[in-house]
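Colleague: Structure of the sequence below:
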Amino acid sequence: MPELGEPVDRPVRLLDFWVTPENQTLPNPADLVDPGWEESERYWVADYLNHGLVAGSWMGASRCRLCSCSNGSRDLTDGYYLWPEGLGHYVLDHDVRLPAEFLDHIE
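Modeller: The predicted structure is shown next:
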């Protein structure tokens, strides 16, 4: 992982930005719910997500697409992936399983 402030010479991959009325090509989190996903792994993944570096902030908070709770206003990164601040909430509270490629990356 690059050090904080170190330039990255590869594209950063977007992770689970959700479908909107303006962009129907993005995934719908309801389609990714996996109630059989091991709870201890979900906690581990959510902890990783919640400790990303702040990559940007937006004016106004996003709402969870599944329960409508406020879900943050920042984008986080680990230098390889970029994800919305509330992604850990989807993993913990709604059993939304992330792509195997990402899970392999953080392992």
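Colleague: Show me the helices in this structure, by range?
Modeller: Counting by DSSP state H, the segments of the chain that form helices are 39-50, 87-94, 100-106.
Colleague: Give me the contacts around the lowest-mean-pLDDT helix or strand in the chain.
Modeller: In the chain, no helix or strand scores lower on mean pLDDT, DSSP states H and E than strand 13-14, which sits at a mean of 92. With contact meaning Cβ atoms under 8 Å, 6 or more residues apart in numbering, strand 13-14 is reached by 80-83. For glycine as for every other residue, the C-beta is placed from the backbone atoms N, C-alpha and C.
Colleague: of the residues you listed, closest to R97?
Modeller: Closest approach to R97 among the contacts of strand 13-14 (Cβ to Cβ): W83, at 14.1 Å.
Colleague: What separation is there between Y81 and P35?
Modeller: Per Cβ to Cβ, to the nearest Å, Y81 is found 24 Å from P35.
Colleague: again, but for R97
Modeller: Taking Cβ to Cβ, one finds R97 at 10 Å from P35.
Colleague: Settle it for me: which of these two has more neighbours?
Modeller: R97 (18 against 7; other Cβ atoms under 10 Å).
Colleague: Pull up the per-residue confidence for the nearest residue to the more buried one once chain neighbours are set aside.
Modeller: Of all residues not flanking R97 in the chain, D34 sits nearest, at 4.0 Å (Cβ to Cβ, 6 or more residues apart in numbering). What the model reports for D34 is a pLDDT of 98.
Colleague: Isn't D34 up against D95?
Modeller: Yes: assessed by Cβ atoms under 8 Å, D34 is found in contact with D95 at 5.4 Å.
Colleague: who touches the nearest residue to W83 once chain neighbours are set aside in this structure?
Modeller: Of all residues not flanking W83 in the chain, L15 sits nearest, at 4.1 Å (Cβ to Cβ, 6+ apart). Applying Cβ under 8 Å, 6+ apart to L15 gives the contacts 81-83, 87, 98-99, 102.
Colleague: what ranges do the strands span in the protein?
Modeller: For the chain, the strands defined by DSSP state E occupy 13-14, 53-57, 74-77, 81-84.
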